[in-house]
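Asker: Okay, predicted coordinates and the sequence, questions at the end:
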Amino acid sequence: MNIVEGVLNHSRLALSKAITAVENEYDEAVSIMTQIYPHTGNAYVIGITGPPGAGKSTLTDKLAKEYRKRGKTVGIVAIDPTSPYSGGAILGDRIRMMDLIADEGIFVRSMATRGSLGGLSQKSGDAVKLMDAYGIEVIIVETVGVGQSEVDIVKTADTTMVVVVPGLGDDIQAIKAGILEIGDLFTINKADREGVDKLNIEIEMMLELNQESVEWRPPINRTVASKDEGVIDVVDSIEEHRKFLFQTGKIEQIRASRIKTEITAMINDRLARYVDKEIISTDDFANTVIKLQNREIDPYSVVDNVVDSVLK
Amino acid sequence: MDKRIRVLVAKPGLDGHDRGAKVVARALRDAGFEVIYTGIRLTPEQIAESALQEDVNVVALSLLSGAHNTLFPKVVELLKAKGMTDVLTVGGGVIPDSDIPGLKAAGIAEVFTPGTPTTAIVDYINANVK
Amino acid sequence: MANETLKAGFEAYTAGVVAKFDKNPERGNLEPNRLYTPLDLEGFDYERDLGLPGQYPFTRGVQPTMYRGRFWTMRMYAGFSTAEESNKRYRYLLANGGSGLSCAFDLPTQIGYDSTDAMAEGEVGKVGVAIDSLADMEILFDQIDLSKVSTSMTINAPASVLLCMYIAVAEKQGVAADQLRGTIQNDILKEYAARGTYIFPPKPSMRLITNIFEYCSKNVPKWNTISISGYHIREAGSTASQEIAFTIADGIAYVEAAVKAGMDVDDFAGRLSFFWNAHNNVLEEVAKFRASRRVWAKVMKERFGAKKAKSQMLRVHTQTAGSMLTAQQPNNNIVRVALQTAAAVMGGTQSLHTNSKDEALALPTEESVTIALRTQQIVACESGLADTVDPLGGSYYVEALTNKIEAEAWDYIKKIDELGGAPEAIAKGYIQKEIQDSAYKWQMDIEKGNKIIVGVNKYQTKEEPPKNLLRVDGSVGEMQAKKIAALKAKRDNAKVAETLAALKVACGDDSVNLMPLILEAVRAYATEGEICGVMREVFGEYKSHVAL
């Protein structure tokens, strides 16, 4: 089977194998992505993040169902952390989505972070492109919002939703810095718990401080995803944001900036790999480190020499 | 290359005893595998379709109710029908020795019976996933 | 001996053994201290902590006479294939000295599917008997006088339906409902947490349970309306303390639900019963039974203000630990079960099921079931363990261990209260996570050799594959399908539709007790799948989302 043809002809098997090729960095991955690229750019991408225990995957499951009701095909990329001890991972999001499986209009793929340095956002971005080329209309990327690389992932979305829950204590403080400013909309899940109003006010206050959002005021929705409450409103809000982006032409800005971010990351990644292989991992460089340690040379001269040799 | 072995751990049928499946899932994670845990009360179709979407190397089935002779082969058949010809399907649970040849003939690569250490499952997967 | 002298003596003893162990190392990885003395029971107060048997806090047992009056009920859990086959096994067990019945239902029955449902494929008649309608239930209890026998039914999500079938069979035998004795498991919370045969979401499930409490308190007063089960929590891998803590937390939730529904605690609490596991560590198990009675008594008296002694008593059915049976050298299981039986009896159980040696491999044969039943009879009649009440009461070790397990249980109950009670703790996955962590630790302890299981990780031998295992015929599904087709041709289908429609309306109204409506549908020979199907439509289905 030709994987590229398969993906373009809606073969689920080909799509799955193509994602594996990208994820495992198989040699053919570059060729697949090169051929796929012209066929991308049609899907609408939604990023979902928030602290652990916020109910993101339950909400994702419900959003997917609501989009199916509205006649859209849906792809889900669910990202879970890799264990730093073993390199393994338990990818548990699919368990919430098992009753979606019978529906051919849905494709779910779980990915582990694999501890890659920034490479994850490239891989998940490629998985999104493959789903896009396959013909999926709405793609949801769902990840735990705890680290910078997760934030990078959701930044690649057209609409980014931050999910929070009442009663997690200081979590709002912890996530305030990193995540709150990337939210195009906010969802307070498990809204049948105490502390909803307080959390709502806190988010409002933070949005007040963030004056960037004059044109688009991020809506705050309340859901009880496990009971299917409020899900329709969330999808309506996403659709409003989509309309806003298209009507104002902001979508082009976002996508241009996404492409720039992606290509920058890819160049940096390629350079970093080259430097690692040709310089950092050599015996010669080990000697350089010893010399540095003995204060025989200084780090600035080493950097100058390395950069000169790479650029020559 | 940044390859990891991916394993789907699933319980077909109606049996809710998931102690073994969960212990195995954790042991596989601790052995460096990526484990997609799909829980209890699944149909063979849900399992096979999940295996396809996740492109796993291994499907690990657990069943204690005695319905293995019906349900395990069904998963293998569906995987084949979906073109997942390179996946290793293994099973575990309360399975009498006399059922094992039949299950192997139906495409179950290996059967792990009660008392098997998790390390034996890890070793088997490492040795048999290409 | 005054405590000061004892302390000095104990220190000298410790120094002595430590010196000895320097030369020849002590057996490692053991939890208990190597010796218990009165020093471990400081503050011990006999009246407060133990009391007399049959008296608060019931540490020594729930009846004054315990087994001097009569032995525990020897109740063998059985059922497989069709109602006809299982009826034969029940009559065999009763003829051989079994004193109560215990019905095992197959998984489709436990999850409210008819044998013909697509979800039932491969499972019909496998882990228990297939019951699709009242017609099957009539065959199951054919020639068994329901006014004489007490029957326990391991049924949870559809407990209301199976209980109604039992009541309807009794009617046909001319036995009034108020004469019926037995137990339904009816414990949905542990299904969510550990066993997996749930159907409906928590709210309607709790409603069904309180409906049963209320209906039975008026109409089936001798029936135990719930068996709050730690057994499956332990099987899922919990520790002894977790087993009783999580189960008592579930019990608290049921009592709260019934009180909230307007019932007086003393009207139903006497019909609550419990279900413990008898595991391998004999003395730890004895302590667990004793601690559990003390904790429940305090919960009922202090938390719920129960006044009747009966409401404060933790009455318990026990089963030996299925997960401790080994597939290797299966005859060794006879010895394990004998020790577990000893633990349950010294722990003061009210009834007991003993597992058969071949159950790690398949369903038990008649021969192996007989050995399991004989094991109870030997412990009862020959061992002397049943000759005096709470024979281990006052043992320094057992009392210290009882205190320790009780303290650990209170810690967990407190934590669960903080999380908002057992249903919330389960919804958050807390209880499942604690159980899984213990299960994983147990397995790793075995794999590292910290824990020895004879024949599994030590003293292995090469074995021939076992012979003569019981096989359930694959044609049971087809037979049940034929029975259902015949039933549907024969019964008054208009009447069925009418009773189901009435049930459906009632399901939508929380103020209605569903039991009389389910009974009407059962009497009309509606199938279990039809009845549960109506409830599924209104209540929806629960999906487990807790991963690892």
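Answerer: Ah, there it is.
Asker: surely B:M84 meets B:A48?
Answerer: Yes. Counting by Cβ atoms under 8 Å, B:A48 is a contact partner of B:M84 at 7.2 Å. Just so you know, the C-beta spots here come from the backbone N, C-alpha and C atoms, and that holds for glycine as well.
Asker: Between these two, which is the more surrounded one?
Answerer: Neighbour comparison, B:M84 and B:A48: the larger count goes to B:A48, with 28 against 21 (by other Cβ atoms under 10 Å in any protein chain shown).
Asker: hmm, the helix or strand the more buried one falls within in reach of chain A?
Answerer: Assigned by DSSP states H and E, B:A48 belongs to helix B:44-54. Yes. If you take Cβ under 8 Å from any Cβ of the partner chain as the test, helix B:44-54 does meet chain A, through B:E45, B:Q46, B:E49, B:S50, B:L52, B:Q53, B:E54.
Asker: For those, work out which two are farthest apart.
Answerer: Spanning the widest gap among the residues of helix B:44-54 next to chain A are B:E45 and B:E54, at 14.8 Å by Cβ to Cβ.
Asker: I'd like the distance between the residue of chain A found nearest chain C and B:K3.
Answerer: Proximity of chain A to chain C (Cβ to the nearest Cβ) peaks at A:G92, 2.9 Å away. Note on A:G92: its distance to B:K3, by Cβ to Cβ, to the nearest Å, is 22 Å.
Asker: neighbour-wise, which of the two wins?
Answerer: Higher neighbour count among A:G92 and B:K3: A:G92, with 21 against 13, using other Cβ under 10 Å.
Asker: List, one by one, the residues from chain A near chain C.
Answerer: So far as Cβ under 8 Å from any Cβ goes, chain A lies against chain C at A:G53, A:S57, A:T58, A:I90, A:G92, A:D93, A:I95, A:R96, A:M98, A:D99, A:S226.
Asker: go again using 6 Å as the cut-off
Answerer: Within reach of chain C by Cβ under 6 Å from any Cβ of the partner chain, chain A has these residues: A:I90, A:G92, A:I95, A:R96.
Asker: Which one (most neighbours) among these?
Answerer: Busiest of those [other Cβ under 10 Å] is A:R96, holding 26 neighbours.
Asker: model confidence over stretch C:123-142, on average?
Answerer: On average, the pLDDT along stretch C:123-142 is 96.
Asker: touching chain B at all, that stretch?
Answerer: Yes. Judged by Cβ under 6 Å from any Cβ, stretch C:123-142 and chain B are in contact via C:E123, C:K126, C:V127.
Asker: Closest to B:P114 out of the residues you listed?
Answerer: Looking across the residues of stretch C:123-142 next to chain B and measuring by Cβ to Cβ, the closest to B:P114 is C:V127, at 15.6 Å.
Asker: ok, now which ones touch the closest one?
Answerer: B:S65, C:D106, C:L107 (Cβ atoms under 6 Å, 6 or more residues apart in numbering or on different chains).
Asker: 10 Å instead?
Answerer: When contacts are counted by Cβ atoms under 10 Å, 6 or more residues apart in numbering or on different chains, C:V127 touches B:14-15, B:17, B:64-67, B:94, C:79-80, C:104-110, C:154, C:363, C:472.
Asker: Likewise for C:Q242?
Answerer: So C:Q242 contacts C:G230, C:I233, C:R234, C:A236, C:E408, C:A409, C:Y412, C:I431, C:E434, C:I435, C:D437, C:S438 (Cβ under 10 Å, 6+ apart).
Asker: That one is in what secondary structure piece?
Answerer: Going by DSSP H and E, C:Q242 is in helix C:240-260.
Asker: Tabulate the CA atom coordinates of that helix in CSV.
Answerer: Included here for helix C:240-260 are C-alpha records, laid out as CSV according to Å, rounded to 0.1, in the frame of the first residue of the first chain:
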residue,chain,number,x,y,z
ALA,C,240,-7.2,-6.0,54.7
SER,C,241,-7.6,-2.5,56.1
GLN,C,242,-8.7,-1.1,52.8
GLU,C,243,-11.2,-3.9,52.3
ILE,C,244,-13.1,-3.0,55.5
ALA,C,245,-12.6,0.8,55.2
PHE,C,246,-13.9,1.1,51.6
THR,C,247,-16.8,-1.2,52.3
ILE,C,248,-17.8,0.5,55.5
ALA,C,249,-17.6,3.8,53.6
ASP,C,250,-20.0,2.3,51.0
GLY,C,251,-22.2,1.3,53.9
ILE,C,252,-22.2,4.8,55.3
ALA,C,253,-23.4,6.0,51.8
TYR,C,254,-26.3,3.5,51.7
VAL,C,255,-27.4,4.4,55.2
GLU,C,256,-27.2,8.1,54.4
ALA,C,257,-29.3,7.6,51.2
ALA,C,258,-32.0,5.7,53.0
VAL,C,259,-32.1,8.2,55.8
LYS,C,260,-32.3,11.0,53.2
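Asker: After that helix, which helix or strand is next?
Answerer: Later in the chain than helix C:240-260, the nearest helix or strand by DSSP H and E is helix C:265-268.
Asker: tell me which strands and helices that following helix is in contact with?
Answerer: Counting contacts by 3 or more Cβ pairs under 10 Å, 6 or more residues apart in numbering or on different chains; DSSP states H and E, helix C:265-268 is packed against helix C:202-219, helix C:240-260, helix C:309-312.
Asker: try it again with 8 Å
Answerer: helix C:202-219, helix C:240-260 (3 or more Cβ pairs under 8 Å, 6 or more residues apart in numbering or on different chains; DSSP states H and E).
Asker: May I see the buried residues of the helix holding C:Q242?
Answerer: Neighbour-count burial for helix C:240-260, with 16 or more other Cβ atoms under 10 Å in any protein chain shown as criterion, is recorded at C:240-259.
Asker: ok, now stretch C:157-174?
Answerer: Those would be C:157-170, for stretch C:157-174 by 16+ other Cβ under 10 Å.
Asker: Reformat these as a markdown table; add distance to chain A and pLDDT.
Answerer: A markdown table is the format used below for those (distance: Cβ to the nearest Cβ, whole Å; pLDDT from 0 to 100):
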| residue | distance to chain A | pLDDT |
| --- | --- | --- |
| C:A157 | 18 | 98 |
| C:P158 | 21 | 98 |
| C:A159 | 25 | 98 |
| C:S160 | 24 | 98 |
| C:V161 | 25 | 98 |
| C:L162 | 27 | 98 |
| C:L163 | 29 | 98 |
| C:C164 | 30 | 98 |
| C:M165 | 30 | 98 |
| C:Y166 | 33 | 98 |
| C:I167 | 34 | 98 |
| C:A168 | 35 | 98 |
| C:V169 | 36 | 98 |
| C:A170 | 39 | 98 |
